[in-house]
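J.: model this:
(one chain, ligands or ions: 2)
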Amino acid sequence: MLLGCIGDDFTGSSDLANTLAKQGMRTVQYTGVPDAPAAPDVEAGVVALKSRSIPAAEAIALSLKALDWLKAQGCRQFLFKYCSTFDSTDEGNIGPVAEALAAALGEDAVIFCPVFPATGRTLVHGHLFVADRLLSESGMQHHPLTPMTDPDIRRVLARQVKGSVGHVSYAEVAKGAAAVEAALQRESGAGRGLIVVDALSDADLMTIGEAAASRKLVTGGSGIAMGLPANFRKAGLISGASSGWQGQGEGRTAAVCGSCSVMTQKQVAAHRQTSPAFEIDADKVISGELTAQAVADWCLAQQGLPLAYSSADPARVRAVQERHGKEKAAAALESFFADLARCLVAGGVTRLISAGGETSGAVVEGLKLGTLEIGPEIDPGVPAMRAGPGLVIALKSGNFGAEDFFAKAARRLEGQA
Ligand SMILES: Nc1ncnc2c1ncn2[C@@H]1O[C@H](COP(=O)(O)OP(=O)(O)OP(=O)(O)O)[C@@H](O)[C@H]1O
Ligand SMILES: O=C(O)[C@@H](O)C(=O)CO
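T.: Ligands and ions are numbered 1, 2, ... in the order given. Below is the predicted model of the structure:
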């Protein structure tokens with residue numbers, strides 16, 4: 001294994017694995033820290049953690065454990081993947097985890113670059129945009145667990161870390177890899193070793209990747225991985241063999257969705273126009289009145305692609321959180337989705353689509369999925385994956401995918417182009 005990656009959620013990890021696979025690295029995603037060695041042909045390993053919204057100390061401990069495993073697989077470089085919208089709170093977990101990994105690796109110039117142009121995330125003057133809106137006006141200010149109300153990533157990071165935050169400007173990135181390398185050294189030499197790096201395009205990410213060739217640790221969204229495989233290729237270390245992934249023809253498809261993000265709500269609305277959809281009432285889940293088995297039975301009785309969703313607009317989410325408490329509501333819904341996934345698979349579902357990072361984490365853990373083999377891309381940031389001989393799965397980050405995502409994912413999982 002050459003590149004060892006730690007993802008702070010499950011959908012984000014598959015986003016990263018998708019980027020690395022597209023760039024020609026043989027990539028595998030692991031659910032949590034494996035307790036056995038990786039297969040010898042894996043070139044990039046992504047250890048998916050569910051550490052985005054847990055207490056910072058726990059996120060650090062888990063990430064360091066993942067780092068130890070990746071080091072033991074022989075990795076030469078390490079990547080900490082977080083959300084392209086920098087989902088975190090002032091307590092963490094991006095800053096504290098990155099600082100702990102940097103200390104463990106002895107890296108004194110750590111890149112922070114959440115940029116993912118294919119999904120509209122760009123960074124300039126240290127400010128993160130989603131399409132043409134500042135992060136704080138993009139809908140992310142209403143995120144149920146990590147509302148993002150400050151678009152200046154330098155300021156957000158500074159509130160999370162012990163060390164000092166530096167910046168590499170867009171003007172420097174535009175000058176090329178040597179200029180970025182020099183700027184990283186300048187910032188680190190001035191004691192600002194946690195360095196936010198601007199980027200607007202895939203070409204900028206390739207430049208930053210080239211400049212990061214000798215860095216032990218880089219951090220960012222999946223975009224920061226774009227330029228790293230080229231360094232290994234240049235060194236003659238990548239085999240270029242194809243993975244031979246195949247879709248799942250037999251069985252049935254179902255979709256589950258706990259994401260409340262703006263894009264997901266559009267996808268749910270589009271799906272409802274043509275296909276069966278069951279709205280999960282959060283209050284009834286929390287009270288125990290609605291069971292996962294009942295929802296699974298409903299799904300399994302439908303023709304076409306059934307979708308079970310709890311997605312709601314920010315006002316309804318807030319009302320549920322006020323009635324029950326944020327953590328209790330999230331825990332109840334996530335354990336419901338884990339049960340639902342188990343019931344669906346037990347009922348014959350072989351192609352499962354899950355939307356939402358926390359939701360997908362619960363689904364993957366609920367199904368006890370171990371190693372995920374990366375297949376073709378469904379939409380930017382979302383690959384089809386094989387979880388075992390009888391199950392293929394797609395994990396969609398909240399804001400990813402086109403409006404017809406659910407139907408498209410079903411086709412890809414079946415093996416259609
Ligand atoms: N109807 C609802 N009322 C209150 N909370 C809800 C409701 N539906 C979902 N939630 C909670 O909202 C959160 C959604 O998080 P999740 O990570 O799954 O989606 P997301 O935030 O859109 O995705 P991502 O993190 O990938 O962008 C979960 O904690 C879930 O329990
Ligand atoms: O980077 C992203 O936006 C996604 O991979 C993700 O992590 C959202 O949960």
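J.: For this structure, which strand extends over the most residues?
T.: The residue-count maximum for a strand in the chain (DSSP state E) belongs to strand 371-379.
J.: now for that strand, which elements pack on it?
T.: helix 10-22, strand 27-31, strand 382-388, strand 391-396, helix 405-414 (3 or more C-beta pairs under 8 Å, 6 or more residues apart in numbering; DSSP states H and E). Every C-beta, even on glycine, is put in place using the N, C-alpha and C of the backbone.
J.: do that strand and ligand 1 meet at all?
T.: No. Strand 371-379 lies apart from ligand 1 when judged by C-beta under 6 Å from any ligand atom; the minimum separation is 13.5 Å.
J.: do you know how far residue 294 is from ligand 2?
T.: Distance of residue 294 to ligand 2, given as C-beta to the nearest ligand atom, to the nearest Å: 29 Å.
J.: Reduced to three states, what does that residue come out as?
T.: The three-state label given to residue 294 by DSSP: H, G, I helix; E, B strand; the rest coil is helix.
J.: Pull the residues that contact whichever helix or strand residue 181 is part of.
T.: Element membership for residue 181, per DSSP states H and E: helix 177-189. Contact partners of helix 177-189, identified using C-beta atoms under 8 Å, 6 or more residues apart in numbering, comprise 108-109, 111, 166-169, 172-173, 193, 195, 197, 207-208, 210-211, 215.
J.: and if you look at stretch 278-295?
T.: 298-299, 306-310, 312, 320, 323-324, 328-329, 332-333, 336-337, 339-340, 342-343.
J.: Put the buried members of those into a ChimeraX selection.
T.: Selecting only the buried entries of the contacts of stretch 278-295 in ChimeraX, with 16 or more other C-beta atoms under 10 Å as the criterion:
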select :299,306,307,308,309,310,312,320,324,329,332,333,336,337,339,340,342,343
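J.: Tell me the helix or strand right after the helix holding residue 181.
T.: strand 194-197.
J.: Show me what that next one is packed against.
T.: Counting by 3+ C-beta pairs under 8 Å, 6+ apart, strand 194-197 packs on helix 94-105, strand 110-113, helix 153-160, strand 165-168, helix 177-189.
J.: go with 7 Å
T.: strand 110-113, helix 153-160, strand 165-168 (3 or more C-beta pairs under 7 Å, 6 or more residues apart in numbering; DSSP states H and E).
J.: so what's whichever residue of the stretch 101-250 of the chain sits closest to ligand 2 up against?
T.: Ligand 2 sits closest to residue 221 of the stretch 101-250 of the chain, with a gap of 4.1 Å, by C-beta to the nearest ligand atom. Going by C-beta atoms under 7 Å, 6 or more residues apart in numbering, residue 221 touches 82, 83, 84, 114, 115, 116, 121.
J.: By neighbour count, which of those wins?
T.: Most neighbours among those, by other C-beta atoms under 10 Å: residue 84, with 31 neighbours.
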